[in-house]
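# this is the structure alone, sequence omitted:
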């Protein structure tokens, strides 16, 4: 995930750990051929992050579900040791609904959500069920 004002930051992901992934997509509300980005039909801003996340996963589901075992949602300021991540995931089956990341519970509401700030990983089956 990125935003138009952070496309420069996203270039650092592309030029470092992004090179070591099987597929790298940047989701934004504006096109940028330098990344390149997938332009999502949502409004930009913190209040619309859920819409952006949902649309990004829907896009990935429609275009790439059968091509990859695992899917990572990350931000344009994250750093990932791709080799260590792949090694960890090798012990799990992508055909089981699996999620790795940080779950947050909103105080007083009981609502639980996946935090994207530190990135999270979902299996192929989890993506299928989610979408």
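Nice, thanks for sending it over. Everything quoted here is computed from the prediction, not taken from an experiment.
# okay, CA-based contacts and neighbour counts for the rest of this
Will do.
# ok, now which ones touch the nearest residue to residue 40 once chain neighbours are set aside?
Distance criterion CA to CA, 6 or more residues apart in numbering; nearest residue to residue 40, sequence neighbours excluded, is residue 29 at 5.3 Å. Taking CA atoms under 8 Å, 6 or more residues apart in numbering, we find residue 29 in contact with 3-4, 38-44.
# out of those residues, which are buried?
With burial judged by 16 or more other CA atoms under 10 Å, the buried subset of these is 3, 38, 40, 44.
# give the phi and psi angles for the residue nearest to residue 40, as a check.
Phi and psi for residue 29, reported as degrees, to the nearest 10, are phi -100, psi 0.
# confidence score at it?
Residue 29 is assigned a pLDDT of 96 by the prediction.
# how near is it to residue 2?
Noted for residue 29: a distance of 8 Å to residue 2, by CA to CA, to the nearest Å.
# surely residue 113 touches residue 99?
No: under the criterion of CA atoms under 8 Å, residue 113 is not in contact with residue 99, lying 11.7 Å apart.
# ok, those two, which is more surrounded?
Applying other CA atoms under 10 Å to residue 113 and residue 99 shows that residue 99 carries more neighbours, namely 18 against 11.
# for the more buried one, which non-adjacent residue is spatially closest?
In space, and not counting its chain neighbours, residue 99 is closest to residue 122: 4.6 Å by CA to CA, 6+ apart.
# which positions within the helix or strand harbouring the one you found qualify as buried?
In this structure, residue 122 is located in strand 120-123 according to DSSP states H and E. For strand 120-123, a neighbour-count test (16+ other CA under 10 Å) marks 120-123 as buried.
# buried set for the helix or strand immediately after it in the chain?
Once the chain leaves strand 120-123, the next helix or strand it forms, by DSSP H and E, is helix 124-130. Across helix 124-130, burial judged by 16+ other CA under 10 Å covers 124-128.
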